[in-house]
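J.: my questions concern the predicted model and sequence given below.
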Amino acid sequence: MSDQLQTLRDYLTRHHGGDGSVAAQRTLEGHARNHDDLFRRFWAEHAEPVLSRGSRVVDLGCGPGLFLRDLSLSGPELDLVGVEAAPYMLEQACEDDYDFSIRVADLNDPPADLFEAESIDAVLANRLLHELHQPLVLLQQLHDWLKPGGVLILVDMVRQPLGSFLTHKFGQDRLDEKQDAKAMAALFEDYFEHNRYHDYDLLALLSLTGYEVLADESIRSGRAVQIAARRPL
Ligand SMILES: C[S@@+](CC[C@H](N)C(=O)[O-])C[C@H]1O[C@@H](n2cnc3c(N)ncnc32)[C@H](O)[C@@H]1O
């Protein structure tokens with residue numbers, strides 16, 4: 001394994017709370033919530049119109065691949081590919097039982113030949129961007145991989161005020177009890193790692209890298225956003 005992939009895996013394990021199997025389990029259990037009716041309506045409205053039999057759909061940071069599994073069980077026959085790097089997500093992947101495949105790569109700096117130019121019809125990045133050290137290189141590379149008119153669906157957490165993050169975490173508006181410094185350091189690291197971008201930052205990144213934004217919706221009481229963009233025709 002390359003040093004780059006090992007460094008990324010160490011980072012992801014830490015970001016995911018230090019225990020990969022727990023993180024993978026959480027991803028499996030959170031699948032329905034993270035691909036809920038609001039998401040599915042958005043996908044149907046903006047991605048499905050560009051899909052027909054044989055279209056290529058890619059899920060970037062696919063985790064165990066449950067969204068690809070769902071697509072393989074419904075709709076037209078598609079060429080379904082996930083990209084993932086964390087070994088504990090790959091261990092839970094179900095691609096042997098369903099009709100999709102997973103490629104292992106670091107999406108911070110994806111190899112140009114991971115996909116052929118202009119070969120992807122629709123792509124999903126569901127809660128991937130905040131885990132990247134920088135998302136610009138991926139967005140530029142993805143622009144080349146997408147067919148003209150190809151669609152990107154981006155879902156991610158967006159910045160929220162520290163006060164509402166803490167109130168949400170503790171379930172109360174006053175913290176009278178003394179807190180443990182180590183636990184608080186971990187909590188604040190988690191806050192900064194999950195609060196990287198405003199939705200307007202994501203929109204700026206998309207426009208700077210040549211995408212045309214089709215729709216932008218605030219979800220989860222303003223804590224996340226779903227964006228549809230496309231490579232212009
Ligand atoms: C929050 S999880 C979301 C998983 C899945 N998209 C979902 O919605 O259930 C983000 C995923 O992106 C993967 N990931 C993060 N950074 C990555 C990178 N640089 N290269 C490849 N995969 C990455 C993580 O391992 C993880 O599985």
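T.: Noted; the coordinates are in hand.
J.: neighbours around the closest residue to the ligand within the chain, how many?
T.: The nearest approach of the chain to the ligand comes at residue 61, 2.6 Å away (Cβ to the nearest ligand atom). In short, each C-beta sits where N, CA and C put it, glycine included. Neighbourhood size, residue 61 [other Cβ atoms under 10 Å]: 21.
J.: which residues touch the closest residue to it other than its chain neighbours?
T.: Distances taken as Cβ to Cβ, 6 or more residues apart in numbering place residue 128 nearest to residue 61, at 3.3 Å, with adjacent residues excluded. By Cβ atoms under 8 Å, 6 or more residues apart in numbering, residue 128 lies in contact with 60-61, 107, 156.
J.: and the pLDDT for residue 128?
T.: We have a pLDDT of 97 for residue 128.
J.: any idea of the mean pLDDT for stretch 11-29?
T.: Per-residue scores along stretch 11-29 average to 91.
J.: how about it, does it reach the ligand?
T.: Yes: using Cβ under 6 Å from any ligand atom, stretch 11-29 reaches the ligand at 12, 27.
J.: got the residues of this protein near the ligand?
T.: Applying Cβ under 6 Å from any ligand atom, we find that the chain lies next to the ligand at 8, 12, 27, 31, 34, 61-63, 83-86, 89, 106-108, 126-128, 131-132.
J.: state the mean pLDDT of the longest strand along the chain.
T.: The strand spanning the most residues in the chain, taking DSSP state E as the definition, is strand 146-157. For strand 146-157, the mean pLDDT works out to 98.
J.: hmm, what's the outermost residue in this structure?
T.: The C-alpha centroid of the chain is most remote from residue 176, which lies 36.3 Å away (Cα atoms, centre = their mean).
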